[in-house]
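>>> turn this into a structure:
(one chain, ligands or ions: 1)
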Amino acid sequence: MKINRLLISVSVMLALFCAPTVWAATAVKDVRLWAAPDHSRLVFDLSGYADYKLFRLHKPERIVIDMQHTKMKANFKRLKFPDPLLKSIRYGTPKKNMIRIVMDVKERVQPRSFLLKPLKGKPYRLVLDLMRPTVVKHKRQPSLHPKKGIVIAVDAGHGGEDPGAIGPRKLMEKTVTLAVAKKLAAAINRKAGMHAILTRKGDYYVPLKRRVGLARKMHADMMISIHADAVRQRQVKGASVYMLSDRGATVDRAARALAAKENAADEVGGMTPLDEVADPLVSRILGDMFRSDSLNSSQLLAEEMIKRLKKAGPLKYKSPKRARFVVLLAMEIPSVLVELDFISNPVQERKLRSSRYQNHLAQALLHGTVGFFRKMGRLRAAHSNVYRGPYAMQENNRAAASGLTQKMTSVGGV
Ligand SMILES: [Zn+2]
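So this is what the prediction gives:
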């Protein structure tokens, strides 16, 4: 009797567990589109695991996804067009319990797809990259970009699927980092003898190791990765500067937690299995990372940044912090990660949203960079003797900018 009852309850439990997987169809709940220079990325949010088939059709060029046991709940009208590669997207139900998504594309693209498991509040996601084959080939040629003076890799944290931290008024870290990175790059490019490269130029995701690989390919002399942090306590504010820790160094808990958060970007942003097979150059560095000379110069760079950020706004930590950040692994060049402020603080969030304050922070980062290369003996303080006309103009701009700095500090920012 007892055994029978047990059998019944086991079978009821089995039925409860099995039924949803057999009968419930997966729903496509939402869709987003991100345009990168070499590909366009479509991300489909799914209510669960989905079986899908991907194929190409020609004349006209189309990419097709067939999904079994799936329902469409997403609204394609929300996608922002025009896109450089995707002309239009539609779907139909050729069979019961099956949907077919058809993407009309502007040129013959190479599709690549992968499924991401649920993570950090994000559901199952099907990622479809429409790769532009010709651009990929050309972009891989480092010799196409001759070195111009001191090259600085400016890395805007997060992007695309990965918003980074989000403020109480919904300002996204990825938006602030890109705005400040672009302003910093423009300011660097206005300086004689310096040249900036951006690891990302728009709202799309770039895997962390590819950012490092890009800095290396462009023969960068320095890398700065720009971020904004968030914590639960809304009153916390201020900038902080991080550098890579060497293996033996003691790392405090907060710095380790921050590194874990920033390093998780790949899982949120959507790193393809192909990206995992990293650049052999990068892998070599991973094996042979810790060179004390570049650690020392990173320390000097971090201190210069803190010195300037202190004048620009509130500061969270007076000295550089160390942790293992994947994006700082280009160890042969001085590299720092700057958390501009806490986007979780409503007052700082409002400031971070303003173009004027973003400019103000970019100027601080520029002065930190220039100060560092002067200390390293690679930029002369008495530059104006050599470059007369254009430099005189830049010095005036700089004076104007530092005047702005003082004014903004005295009134407590914008
Ligand atoms: Zn970040």
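>>> and residue 113, what is it in contact with?
52, 54, 65, 126, 127, 128, 129 (C-beta atoms under 8 Å, 6 or more residues apart in numbering). C-beta: built from backbone N, CA, C; applies to glycine.
>>> now do the host helix or strand of the last one: distance to the chain's middle.
Element membership for residue 129 (DSSP states H and E) is strand 124-131. Its chain's C-alpha centre lies 17 Å from the corresponding centre of strand 124-131 when counted by C-alpha atoms, centre = their mean, to the nearest Å.
>>> cool, and stretch 192-200?
So, by C-alpha atoms, centre = their mean, the centroid of stretch 192-200 is 17 Å from its chain's centroid.
>>> distance across that stretch, terminal residue to terminal residue?
23 Å (C-alpha to C-alpha, to the nearest Å).
>>> how about the nearest residue to residue 97, chain neighbours excluded?
residue 69 (5.1 Å; C-beta to C-beta, 6 or more residues apart in numbering).
>>> any chance of a markdown table for the contacts of residue 113, columns neighbour count and distance to residue 80?
Compiled in a markdown table, those are given as follows (neighbours: other C-beta atoms under 10 Å; distance: C-beta to C-beta, whole Å):
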| residue | neighbour count | distance to residue 80 |
| --- | --- | --- |
| 52 | 18 | 24 |
| 54 | 15 | 23 |
| 65 | 23 | 20 |
| 126 | 23 | 19 |
| 127 | 20 | 18 |
| 128 | 23 | 16 |
| 129 | 23 | 17 |
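>>> show me which of those neighbour the ion.
Among these, no residue sits close to the ion (C-beta under 5 Å from the ion).
>>> mind telling me what element whatever residue of the stretch 101-250 of the chain ends up closest to the ion is part of?
The ion sits closest to residue 227 of the stretch 101-250 of the chain, with a gap of 3.4 Å, by C-beta to the ion. Residue 227 is part of strand 222-229 when elements are defined by DSSP H and E.
>>> that strand - contacts with which helices or strands?
strand 150-156, helix 173-189, helix 208-217, strand 335-342, helix 355-375 (3 or more C-beta pairs under 8 Å, 6 or more residues apart in numbering; DSSP states H and E).
>>> just checking: what are the partner strands of that strand?
Sheet pairing of strand 222-229 (DSSP bridges) gives strand 150-156 (parallel), strand 335-342 (parallel).
>>> what about these, which gets the closest to residue 321?
When the strands paired with strand 222-229 are compared by C-beta to C-beta, strand 335-342 sits nearest residue 321, at 9.3 Å.
>>> now do the closest one: distance to the chain's middle.
Chain-centre distance of strand 335-342: 13 Å, with C-alpha atoms, centre = their mean.
>>> who in the stretch 101-250 of the chain is up against the ion?
Within the stretch 101-250 of the chain, the positions lying close to the ion (C-beta under 5 Å from the ion) are 157, 164, 227.
>>> so what's the second one up against?
Counting by C-beta under 8 Å, 6+ apart, residue 164 makes contact with 157, 158, 172, 173, 174, 177, 227, 228, 265.
>>> how much space between residue 196 and residue 160?
Computed as C-beta to C-beta, to the nearest Å, the residue 196 to residue 160 distance reads 21 Å.
>>> how is this protein carved up into domains?
Following automatic domain parsing, one finds the domains of the chain at 30-133, 141-410.
>>> most neighbours per residue, which of those domains?
Here the criterion is mean neighbour count by mean count of other C-beta atoms under 10 Å, and of those the winner is domain 141-410, at a mean of 19.
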